[in-house]
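J.: any chance you could fold what I've pasted below:
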Amino acid sequence: MTDMNLRIPRQAATLRLLVENRIREAIASGHFKPGQRLVERELCEQIGVGRTSVREALRQLEAEGLVITVPHRGPEVSSINFEEARQLYEVRALLEGFAGRAFAEQGSEEAMAELKQAVAGFRQAAQNGDRAQLVAAKTRFYSVLMEGAGNVFVKQSLTMLHNRITLLRFTSMTQQGRLDDSVAEIEAIFEAIAARDGARAEQACKHHIAMAATVALAVLAHDPQPAGRRAD
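T.: Residues are numbered from 1 along each chain as shown. Next comes the predicted model:
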């Protein structure tokens with residue numbers, strides 16, 4: 001397990017959300033791997049909070065699909081198999097294609113400026129090669145993309161899908177040559193949106209998801225066991 005400081009400052013009003021976010025970030029960065037047990041006592045020690053906060057956070061993450069409770073074993077990070085991943089990417093491509101087109105056709109100039117900053121942040125994170133920074137920058141890009149699309153239901157659906165895809169995102173991004181391609185694809189999405197070309201933005205989003213899916217599914221195809229079950 002990689003070193004990661006999970007401790008958070010105590011702020012009673014937002015403590016549960018802070019704990020949720022910290023565990024979610026730890027899963028996204030690979031600190032907690034698919035299939036790994038999440039022991040309440042250990043999480044309390046690592047994060048520096050009581051069991052009630054950890055328990056509530058785990059319940060929320062279970063609702064999002066990031067955590068699963070296994071009988072006689074307890075909570076663990078969810079795993080994902082080949083067919084589940086294929087279906088996730090398929091639906092995600094449709095929704096993100098829609099989001100890209102909607103952003104291009106009706107996104108505000110303020111949202112456009114935010115998207116430009118998010119793309120620059122991802123490019124910088126890729127150059128730095130920092131794992132946590134990469135995941136955070138990619139998450140920021142998708143957050144701005146969903147907000148700019150202006151459709152609350154698409155945003156809700158994509159958020160749920162992104163939570164599950166988190167289990168595979170770093171798998172795809174860290175394959176040889178994939179990161180450079182990912183940066184180019186993200187920049188192509190931005191260029192199409194900035195040009196207010198809805199059709200091109202939709203296609204660029206779909207292409208990006210298709211490329212990520214190809215890499216991630218190829219990894220899973222070589223190991224049909226659900227991602228993460230190999231490690232405890």
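
J.: can you list the domain ranges for the chain.
T.: Here the chain is described, according to automatic domain parsing, as comprising the domains 12-77, 82-221.

J.: quick one: contacts of stretch 90-103?
T.: Contacts to stretch 90-103, defined as Cβ atoms under 8 Å, 6 or more residues apart in numbering, come from residues 111, 115, 145-146, 148-151, 154, 157-158, 161-162, 165, 189, 192-193, 198-199, 201-206, 208-210, 213. For glycine as for every other residue, the C-beta is placed from the backbone atoms N, C-alpha and C.

J.: okay, the domains of the chain in a markdown table with mean pLDDT, distance to residue 5 and mean neighbour count next?
T.: Converted to a markdown table, those look like this (pLDDT from 0 to 100; distance: least, Cβ to Cβ, whole Å; neighbours: other Cβ atoms under 10 Å):
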| stretch | mean pLDDT | distance to residue 5 | mean neighbour count |
| --- | --- | --- | --- |
| domain 12-77 | 89 | 9 | 17 |
| domain 82-221 | 91 | 11 | 18 |
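
J.: just put those in a markdown table and tack on distance to residue 6.
T.: What follows is the domains of the chain, written out as a markdown table (distance: least, Cβ to Cβ, whole Å):
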| stretch | distance to residue 6 |
| --- | --- |
| domain 12-77 | 4 |
| domain 82-221 | 12 |
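
J.: can you classify residue 72 as helix, strand or coil?
T.: In three-state terms, and counting by DSSP: H, G, I helix; E, B strand; the rest coil, residue 72 is coil.

J.: now do the spatially most central residue of the chain against residue 77, distance only.
T.: For the chain, the residue lying nearest the average C-alpha position, counting by Cα atoms, centre = their mean, turns out to be residue 166 (3.7 Å). Spatial separation of residue 166 from residue 77 under the definition Cβ to Cβ, to the nearest Å is 10 Å.

J.: anything in contact with each of these two?
T.: 27, 66.

J.: phi, psi of the residue lying farthest from the centre of the chain?
T.: What lies farthest from the middle of the chain is residue 72; by Cα atoms, centre = their mean that is 28.9 Å. Torsion angles at residue 72 (phi, psi; degrees, to the nearest 10) stand at phi 60, psi 10.

J.: show me the contacts for it.
T.: No residues are in contact with residue 72 under the rule Cβ under 8 Å, 6+ apart.

J.: go on, residue 108?
T.: When contacts are taken as Cβ under 8 Å, 6+ apart, residue 108 is in contact with residue 148.

J.: and the gap between it and residue 52?
T.: If you go by Cβ to Cβ, the gap between residue 108 and residue 52 works out to 41 Å.

J.: so which residues of this structure form strands?
T.: Counting by DSSP state E, the segments of the chain that form strands are 67-70, 74-77.

J.: okay, now the sheet partners of the first one, with direction.
T.: Spelled out, that is strand 67-70. Using DSSP bridges, strand 67-70 pairs in its sheet with strand 74-77 (antiparallel).

J.: what comes into contact with the strand it pairs with?
T.: Looking at strand 74-77 with Cβ under 8 Å, 6+ apart, the contacting residues turn out to be 27, 32-40, 58, 62, 66-70, 167, 228.
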